[in-house]
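1. Mind folding the following:
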Amino acid sequence: MSAILERSFKVLEHLAAAPEGKALSVLASELDMPLSATHRLLSELVRCGYVRQDQAHGNYLLTIKLVSLGLGFLSASGIVDIAQPLLDRLAAESGELVRLAVVDGDELTFVAKSQGATRGLRYDPDMGLSVNLSCSAAGHAWLATMSDERALELVSRQGFGKPEDFGPRAVTSVKALLGYLKATRNRGFSMIVEVFAPAMASMAAPIRNGTGAVVGVVTIAGPLVRLTEARMLEVAPALLASTEQLTMASGASALLKKRAA
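-> Numbering: from 1, shown residues only. This is a model prediction of the structure:
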């Protein structure tokens, strides 16, 4: 049963990255699964309403059922209602993309955002995905709140990013990561340039609850042509003020209270 569940989730995760859908044969090949087993899993997922088959081309696609579940959970938690006005204000002040990630076990997941760029280049990556810890400002901000040993444990479990998958300055070694974490602790927030993506910069600061436990992270990200290191230092006070306000409001969210427990 556990193997079936694992394969089912792999299918869902794979389809989540393919909005145009995938053919049965392609999906089986990419997941290295037998064609017959892949077809059985897809048939069950279709029956349960999580996947549908495009009648025109035969591709299998995700339905919005998973999205509805996630949005329903976030709505019930109260976190978006609490955070969104603060994210909107910070986005307006910075003029860049602002996002909120919550701690989910040993991972960070983006759950809310606000776009401050009203013209020109816009940076707006996918939401709802687990954050890469070694190559993201959000990851650095979170890792810097724990011991080096614990931070390296989490990164080794996830794996270092590679320049071909992220930015040309992707963090690929323990020494480089520890250098970023030390700088983050000294500043009180993280800053990266072309680490997550080429020609992009970002910064982040942690959200704590009343006991000091980290429950989330707020990030600001944008094109390097606008979000220079000097500009990041300019908007840092606004970022830290926002995380402080979210810290004070965290007790009103069921999700953040659960993460802090």
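
2. just for the stretch 51-200 of the chain, where's the confidence low?
-> Residue ranges of the stretch 51-200 of the chain with pLDDT under 70: 67-81, 117-129.

3. Count the residues that sit near P19.
-> 8 (other Cβ atoms under 10 Å). For glycine as for every other residue, the C-beta is placed from the backbone atoms N, C-alpha and C.

4. That one belongs to a helix, doesn't it?
-> No: membership of P19 in a helix is not supported by DSSP: H, G, I helix; E, B strand; the rest coil, which gives coil.

5. thought it was touching L61?
-> Yes: assessed by Cβ atoms under 8 Å, P19 is found in contact with L61 at 7.4 Å.

6. Could I get the contacting residues of R185?
-> Residues in contact with R185 (Cβ atoms under 8 Å, 6 or more residues apart in numbering) are A144.

7. Show me which helix runs longest in this structure.
-> When the chain is parsed with DSSP state H, its longest helix is helix 229-249.

8. buried residues in that one?
-> Buried residues in helix 229-249, counted by 16 or more other Cβ atoms under 10 Å: 231-232, 235-236, 239, 242-243, 245-247, 249.

9. what does stretch 45-62 give?
-> Those would be 45, 50-52, 59-60, 62, for stretch 45-62 by 16+ other Cβ under 10 Å.

10. How about the contacts made by the closest residue to R89 other than its chain neighbours?
-> Counting by Cβ to Cβ, 6 or more residues apart in numbering, R89 lies nearest to S242, which is 7.3 Å off, once chain neighbours are set aside. Contact partners of S242, counting by Cβ under 8 Å, 6+ apart, are 86-87, 89-90, 218.

11. So for S242, what pLDDT did the model give?
-> Per-residue pLDDT puts S242 at 93.

12. In strands only, show me the buried residues of stretch 45-62.
-> If you go by DSSP state E, these have 51-52, 60, 62 in strands.

13. List only buried entries from the contacts of S242.
-> Buried among the contacts of S242 (16+ other Cβ under 10 Å): 86-87, 89-90, 218.

14. ok, those vs A23, which is closest?
-> Distance to A23 across the buried ones among the contacts of S242 (Cβ to Cβ) is lowest for L87, with 38.6 Å.

15. which SSE is the closest one in?
-> Using DSSP states H and E, L87 maps to helix 79-94.

16. and what of S25?
-> Applying DSSP H and E, one finds S25 within helix 24-31.

17. what sits up against that helix?
-> Residues contacting helix 24-31 (Cβ under 8 Å, 6+ apart): 7, 10-11, 14-15, 22, 33-35, 37-39, 42, 58, 60.

18. what's the distance between the closest residue to D148 other than its chain neighbours and V215?
-> Leaving aside its chain neighbours, D148 sits nearest to L178 (6.0 Å; criterion: Cβ to Cβ, 6+ apart). Distance, L178 to V215, by Cβ to Cβ, to the nearest Å: 24 Å.

19. Who has more neighbours out of the two?
-> Legend: neighbour count by other Cβ under 10 Å for L178 and V215, higher for V215 (23 against 15).

20. tell me the SS of that one?
-> With three-state DSSP as the basis, V215 sits in strand.

21. I'd guessed it sits against A249; true?
-> No: at 10.9 Å, V215 does not count as touching A249 under the criterion of Cβ under 8 Å.

22. buried set for the helix holding S25?
-> Those would be 27-28, 31, for helix 24-31 by 16+ other Cβ under 10 Å.
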